[in-house]
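Undergrad: Whatever this is, show me its structure:
(2 chains)
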Amino acid sequence: MGVVELDGYVLIVRGKDASAFINGLSTNKIEGTCTTVFTNSIAKIIDMVDVIDMGLFSALVGHGPNKDALLSHLIPRILGQDVQIADASESNVVLLSTEDLDVENGVTKVQTFRGWLVISPHGKEPGVTMSDSEFTDWRVENMIPHPGFEITNANHPYACGLGLLVHEDKGCYIGQEILARMKSRGRQGKELTREKNPVNDATSIGSTHSLVIRRC
Amino acid sequence: MDCNTCDSAPAVQVHAPEVVNAMLTITDKAKEMLSGAFGDDRSHALLVGVLSGGCSGYMYDLQIVESTDQDCQELTIDGFRVLIPNATSHLLDGIEIDYVDRLMGGGFKINNPNAESSCGCGESFS
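TA: Okay, here's the model as predicted:
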């Protein structure tokens, strides 16, 4: 398929406690590069974030409109730990490629469940080759939830198809009790489905099918 | 991602919370249990800390320590040295340290007037 530009932010998190800090506040077990979800006390999504282990620091790549909410969530919880956060959003472009691609030196590329995430300094980014409607069709076909559409603060991770990012044995984090209860009782309330058009209340409308979050 | 640009990325401002002179109380039952833990050696201190994480966002952290590299305020309560890190003093002002004698879920408990909610196990609060 191709490459699309995302409305993304890039936060740089440094310090010896950085990994434990991120791990203690999000749904997935943070072991190197991975994708995780920050949830609030009622397990609603604050943001889905790709954590990229860059050696000397971790980069958090999330959805631009959610940056302030995430920072408001994180900053009060830095309680004397060795954690510093910087904002590298202005100097980088965030793209998503549906297939592997070659990138220039200085461009970071990681594979995620939704494709290859590319973080590039301005001027080095690969060209955009896919229209918004083509990207939506690809997402609908592959049931890939997207921030602002399925991944919103009205939903918990299970409802919008992010159950793969909820680690069941990692221990406590904000929202964990509610997600654990849903899992143990087999009641997640809603789920992401793909239906043939026309679809009422669709979250993403493709040319033949749509994504919709339905009660289950 | 170009690491040169990452090095020059502007830091996100972290507003350190105001340091308050924390007051705390320890119930008789908790003092009894602390006496058993400390023994006759009162040179050690009870470090009452808060970590980020847990089901509600913050977790209590009780340790018996000789010293700590954290910037702390020290209280003496009935002969017990109690250390409270300045970074979390705003979350701990007014707490009561209790001990609950139960087979399940027993142990030291912290009653915190600053907590809006707590998780089921009592170790985490927000």
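Undergrad: Which single residue in chain A comes nearest to chain B?
TA: A:Gly24 (2.9 Å; CB to the nearest CB). Every C-beta, even on glycine, is put in place using the N, C-alpha and C of the backbone.
Undergrad: Close to chain A: what parts of chain B are there?
TA: B:1-3, B:5-6, B:8-12, B:14-15, B:17, B:50-59, B:70-71, B:85, B:87-88, B:91, B:117, B:119-120, B:124, B:126 (CB under 8 Å from any CB of the partner chain).
Undergrad: who's in contact with the residue in chain B that chain A sits nearest to?
TA: Nearest residue of chain B to chain A: B:Gly53, at 2.9 Å (CB to the nearest CB). Contact analysis of B:Gly53 by CB atoms under 8 Å, 6 or more residues apart in numbering or on different chains lists A:Phe21, A:Asn23, A:Gly24, A:Leu25, A:Arg77, A:Cys172, A:Tyr173, B:Met59, B:Ser124.
Undergrad: Report the helix or strand with the lowest average pLDDT across the chain.
TA: Let's take chain A. helix A:176-185 (a mean of 91; mean pLDDT, DSSP states H and E).
Undergrad: swap in chain B?
TA: helix B:3-7 (a mean of 63).
Undergrad: Check which element follows it along the chain.
TA: strand B:24-26 (DSSP states H and E).
Undergrad: after the longest helix that chain B contains, next one along is what?
TA: For chain B, the helix with the greatest residue count under DSSP state H is helix B:28-38. Using DSSP H and E, the helix or strand that follows helix B:28-38 towards the C-terminus is strand B:45-52.
Undergrad: Give me the contact list for that following strand.
TA: With CB under 8 Å, 6+ apart, strand B:45-52 has contacts from A:21, A:24-25, A:77-79, A:81, B:24, B:34, B:58-68, B:70, B:72, B:74, B:80-85, B:88, B:91-92, B:95, B:97, B:110.
Undergrad: Now do the longest helix of chain B and strand B:45-52, the angle between them.
TA: Angle of helix B:28-38 versus strand B:45-52, following axes from the mean of the first three to the mean of the last three CA atoms, to 10 degrees, is 110 degrees.
Undergrad: Now find how far off-centre helix B:28-38 is within its chain.
TA: 17 Å (CA atoms, centre = their mean, to the nearest Å).
Undergrad: And the pLDDT at the closest residue to A:Val37 other than its chain neighbours?
TA: Spatial nearest neighbour of A:Val37, chain neighbours left out: A:Thr27 (4.5 Å); criterion: CB to CB, 6 or more residues apart in numbering or on different chains. You'll see A:Thr27 listed with a pLDDT of 97.
Undergrad: quick one, helices of chain A?
TA: Counting by DSSP H, the helices of chain A are A:18-23, A:67-74, A:132-142, A:176-185.
Undergrad: Pull the residues that contact the second one.
TA: Judged by CB under 8 Å, 6+ apart, the contacts made with helix A:67-74 from elsewhere in the structure are A:9, A:11, A:21, A:25, A:38, A:40, A:46-47, A:49, A:60, A:62, A:85, A:87, A:89, A:153, B:12.
Undergrad: Flag whichever of those residues scores worst on pLDDT.
TA: B:Val12 (87).
Undergrad: Tell me, how many residues neighbour the residue nearest to B:Ala87 when sequence neighbours are not counted?
TA: In this structure, B:Ala87 finds its nearest non-sequential neighbour in A:Gly80, 3.5 Å apart by CB to CB, 6+ apart. With neighbours defined by other CB atoms under 10 Å in any protein chain shown, the count for A:Gly80 comes to 17.
Undergrad: go on, B:Gln73?
TA: 15.
Undergrad: again with A:Ala202
TA: The local packing of A:Ala202 (other CB under 10 Å) involves 18 other residues.
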